[in-house]
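**Q** sharing a model prediction with you, sequence too.
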Amino acid sequence: MIPGINPAQLQKRRPEKNADIISIQSQVIYGTVGNSIAQPTLESYGWQVLAVPTFLLSNTPDYPSCFGGEISAEWFSGFLQGLHDRGQDAQLRAVITGYLGSTTKASEVSRWLPGTLRSNPEAMVIIDPVMGDDDCGYYVDPALLGWYRDSLAPMATGLTPNRFELACLSGKTLENDDDVIAAARTLLNQRTQWVVVTSAARGEAGKTLRVFCVTAEEVHVIEHAAYDGAPKGTGDMFTAQLTALLLKGLPLFEAAELACQLTRRSVLDSLNDGTGLLNPRPDISAERAGVGD
C-alpha cells in the first residue's frame, strides 16, 4: 500500500488529456534521432505529443557500443491499442510515422491507422517512408516498400521521402528535376495532397542540397547549404518542424522553407558545439521567425 493513499482512490477514473500528435518512430536514450528529436521539437511549439517507439536503442548504431533493439510485436500492438483505449485517437491533430524498420511494424500501423482516421478524419497524416538512401541503398528490409507503397502512403496527407525513397515508391528512374517532380506527382491522390522530397538534388560542386515541395498544381524548390558531418536525425527533425508549422496554419511552401531554416540552424549549432546532437529549439526560433501561437 502507498502511505497516505486509499487503494479505492487508485481505481477512480481521471479525465483523459487529449494528445495533439502521435509520433511513431524509433527512439534512443542518448542522441537526437526519431522520437528523441521529434517529440521535443513538436513540444517546443506547445503541442501535446505521444511518442510510440518502434525500436529502442541506447544510442545510434554508429557508436562503438549499442544496446537494445526492436520493440516486440506484442508490445507495439499493445501500445497502439492502449492509445485507442484511452481515447487518444479521437481528437488528434496529426499522426507522424518515421522509422518503422520492419514489415511487422508497418503491418500494425496499416491496421491501426484506418480506424484512427475514421474516428478523426480531419487528422493530418505525415509519413516519412524511411527505407534507405542513395549512398547505401536499402538499410531496412526491402519488403517494407510494398507496405509503404500499397498501404501507408495512400493514407498520408503528405510524404517526406528522400530521393532514393521517392524512386522506390514511384518505381521511376530519377535523372533530372523534371523526373523528381513527375515521380512525386504519381504519389498524389484525393487524400495525399503534397510530397516534400528532401535531398532531391545537389547543386554545383555538391555544396548545396535542394528540397522539392510538390503539389498537383505547384512546385517550390528550396536550396540550402550541405554540411559534411551533419548529425543524424536531421530528417526526423525536419519532418517534425514541418508538421508543427503546418499545424500552426502556415502554407506548405512557407512551412517547408522555415522547417529547412530551423533544421539548418540546429545542424550548425551541433557542428559548432561538437556534440553531434541536434537542438530541438535552435537559435533562430519559430517566434522570431513570425510564427504565432
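**A** Ah, there it is. Quick caveat: nothing in here was measured; it's all calculated off a predicted structure.
**Q** what residue ranges in the stretch 101-250 of the chain score low on pLDDT?
**A** Applying pLDDT under 70 to the stretch 101-250 of the chain picks out residues 203-206.
**Q** buried residues in stretch 152-166?
**A** Buried residues in stretch 152-166, counting neighbours by 16 or more other C-beta atoms under 10 Å, are found at 152-153, 155-166. The way it works is simple: take the backbone N, C-alpha and C, and place the C-beta from them, glycine included.
**Q** quick check: K232 touching T60?
**A** Yes: assessed by C-beta atoms under 8 Å, K232 is found in contact with T60 at 5.4 Å.
**Q** all helices for the stretch 1-150 of the chain, in order.
**A** Along the stretch 1-150 of the chain, the segments classed as helices by DSSP state H, counting those that start in this stretch run 7-10, 35-43, 73-85, 103-119, 144-147.
**Q** what residues are up against G98?
**A** The contact partners of G98, taken as C-beta atoms under 8 Å, 6 or more residues apart in numbering, are 23-26, 34-35, 38, 128, 130, 236, 239.
**Q** same check, this time on D128
**A** Taking C-beta under 8 Å, 6+ apart, we find D128 in contact with 25, 96-99, 159-161, 235-236, 239.
**Q** how about N279?
**A** Neighbour list for N279: 266, 269-270 [criterion: C-beta under 8 Å, 6+ apart].
**Q** could you pull out the strands for the stretch 101-250 of the chain?
**A** 124-127, 132-133, 137-138, 158-159, 194-202, 208-214, 219-225 (DSSP state E, counting those that start in this stretch).
**Q** now the contacts of N279 in TSV, with secondary structure, pLDDT and distance to C136?
**A** Below are the contacts of N279 laid out as TSV (DSSP: H, G, I helix; E, B strand; the rest coil; pLDDT from 0 to 100; distance: C-beta to C-beta, whole Å):
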residue	secondary structure	pLDDT	distance to C136
S266	helix	93	23
D269	helix	90	26
S270	helix	89	22
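**Q** among the residues you listed, which one is most surrounded by other residues?
**A** Within the contacts of N279, neighbour counts (other C-beta atoms under 10 Å) peak at S266, which reaches 28 neighbours.
**Q** I'd say it and L277 touch.
**A** No: checked against C-beta under 8 Å, the pair S266 and L277 is beyond contact range at 9.2 Å.
**Q** identify the contacts common to those two.
**A** Between them, S266 and L277 have no joint contacts when contacts are counted by C-beta under 8 Å, 6+ apart.
**Q** returning to that earlier point: let's have the helices of the stretch 1-150 of the chain in JSON lines, adding distance to A182 and mean neighbour count.
**A** Formatted as JSON lines, these follow (distance: least, C-beta to C-beta, whole Å; neighbours: other C-beta atoms under 10 Å):
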{"stretch": "helix 7-10", "distance to A182": "59", "mean neighbour count": "8"}
{"stretch": "helix 35-43", "distance to A182": "30", "mean neighbour count": "26"}
{"stretch": "helix 73-85", "distance to A182": "35", "mean neighbour count": "15"}
{"stretch": "helix 103-119", "distance to A182": "26", "mean neighbour count": "18"}
{"stretch": "helix 144-147", "distance to A182": "19", "mean neighbour count": "18"}
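**Q** could I get those in TSV, plus columns for distance to F55?
**A** Formatted as TSV, the helices of the stretch 1-150 of the chain follow (distance: least, C-beta to C-beta, whole Å):
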stretch	distance to F55
helix 7-10	33
helix 35-43	10
helix 73-85	10
helix 103-119	9
helix 144-147	13
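**Q** nearest to L252, of these?
**A** helix 35-43 (17.7 Å; C-beta to C-beta).
**Q** got the CA coordinates for the closest one in CSV?
**A** Taking Å, rounded to 0.1, in the frame of the first residue of the first chain, the C-alpha atoms of helix 35-43 are listed here in CSV:
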residue,chain,number,x,y,z
ASN,A,35,11.2,10.4,-31.4
SER,A,36,14.1,11.6,-29.4
ILE,A,37,14.3,14.7,-31.6
ALA,A,38,10.7,14.8,-33.0
GLN,A,39,9.0,14.8,-29.6
PRO,A,40,10.9,17.8,-28.1
THR,A,41,10.7,19.7,-31.4
LEU,A,42,7.0,19.3,-31.6
GLU,A,43,6.5,20.1,-27.9
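**Q** need the residues that contact it.
**A** With C-beta under 8 Å, 6+ apart, helix 35-43 has contacts from 21, 23, 25-29, 49, 51-53, 96, 98, 233, 236-237, 239-241, 243-244, 278, 280-281.
**Q** understood, closing this out.
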